[in-house]
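Chemist: This is a predicted model, with the sequence first.
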Amino acid sequence: MILCKYKLLSKTLLLQNYLKKYKLNIIFNNSSFKNYMVKLTTDPNYGVIYIYYKPTKDTYLLKKKLKNSRIEEIIDTTWNLMNDCKIYSAKTGIYEAFVDGSFTSGMASYGAIIYLGNKIKAKLFGIIKNKEYIKFRQFIGELKSVTKVIKWCEVNYVKRIRINYDYLGIENFATGTWKARNIISKKYVNFLINTKIKIEWRHIKSHSGNIGNNSVDLLAKKILLIKK
């Protein structure tokens, strides 16, 4: 018996239904399923898609090996819609940023990916070098990712952006729901008070299968692996 086949089949059929409006089909059969994973082939043949299921958290992860960037964009957009994470279209002029922080082997880092519609406009990432701040571990990276995004907006004349995050403090410190008590959160709040950029906030559940959240998580971790 293939573990979690029913869950994977339900998600696959939902994706198949969403893709009909693009006249894009996905092909699968019984042999496509393995424990916690299903392999799907696109028709026309642009490559393959993998859907993974994690039963302990009831979450899905999408991975792709595609030859066509337009098809990849369609699948990413569709997957986000299926997971209740529609992004603003480019014509609105509202940018989207996905942000994250990471900590490993005594090093902290930040990552951010900025979009206009489905197009990536910037990837921001780096190591936290201030030794005084390292004690805050991943926390410093999470907040740093937001300030880096806002500084990018100021330089590039972006007036409005939605920030998608998985660490609740990113919004809660900004809105005053959580009181800033240490030097990092106080500097973060002060910075946001003084920016003229209009910011929207949206919480994305960590490791829930969201494309942007997964991508920025890998970006924040990648810089640490390079520096090790």
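Modeler: Okay, I see it.
Chemist: Tell me the buried residues in stretch 99-108?
Modeler: Using 16 or more other Cβ atoms under 10 Å as the burial criterion, the residues of stretch 99-108 that qualify are 99, 100, 101, 102, 103, 107, 108. Yep, even glycine has a C-beta here, placed from its N, CA and C like the rest.
Chemist: List just the nearest of those to residue 47.
Modeler: residue 100 (26.8 Å; Cβ to Cβ).
Chemist: The helix or strand where the closest one lies packs against which elements?
Modeler: Per DSSP states H and E, residue 100 falls inside strand 95-104. Judged by 3 or more Cβ pairs under 8 Å, 6 or more residues apart in numbering; DSSP states H and E, strand 95-104 is in contact with strand 107-116, helix 138-155, strand 160-165, helix 211-227.
Chemist: okay, the angle between that strand and helix 211-227?
Modeler: 40 degrees (axes from the mean of the first three to the mean of the last three Cα atoms, to 10 degrees).
Chemist: Quickly, which of the helices and strands packed on strand 95-104 bottoms out on average pLDDT?
Modeler: Lowest mean pLDDT of the helices and strands packed on strand 95-104: helix 211-227, a mean of 79.
Chemist: what angle sits between that one and strand 107-116?
Modeler: 140 degrees.
Chemist: ok, and what's touching helix 211-227?
Modeler: With Cβ atoms under 8 Å, 6 or more residues apart in numbering as the test, helix 211-227 has contacts from 61-62, 76, 79-80, 85, 87, 96, 98-102, 104-105, 107, 109-113, 115, 123, 125-127, 141, 145, 164, 166, 204, 206-207.
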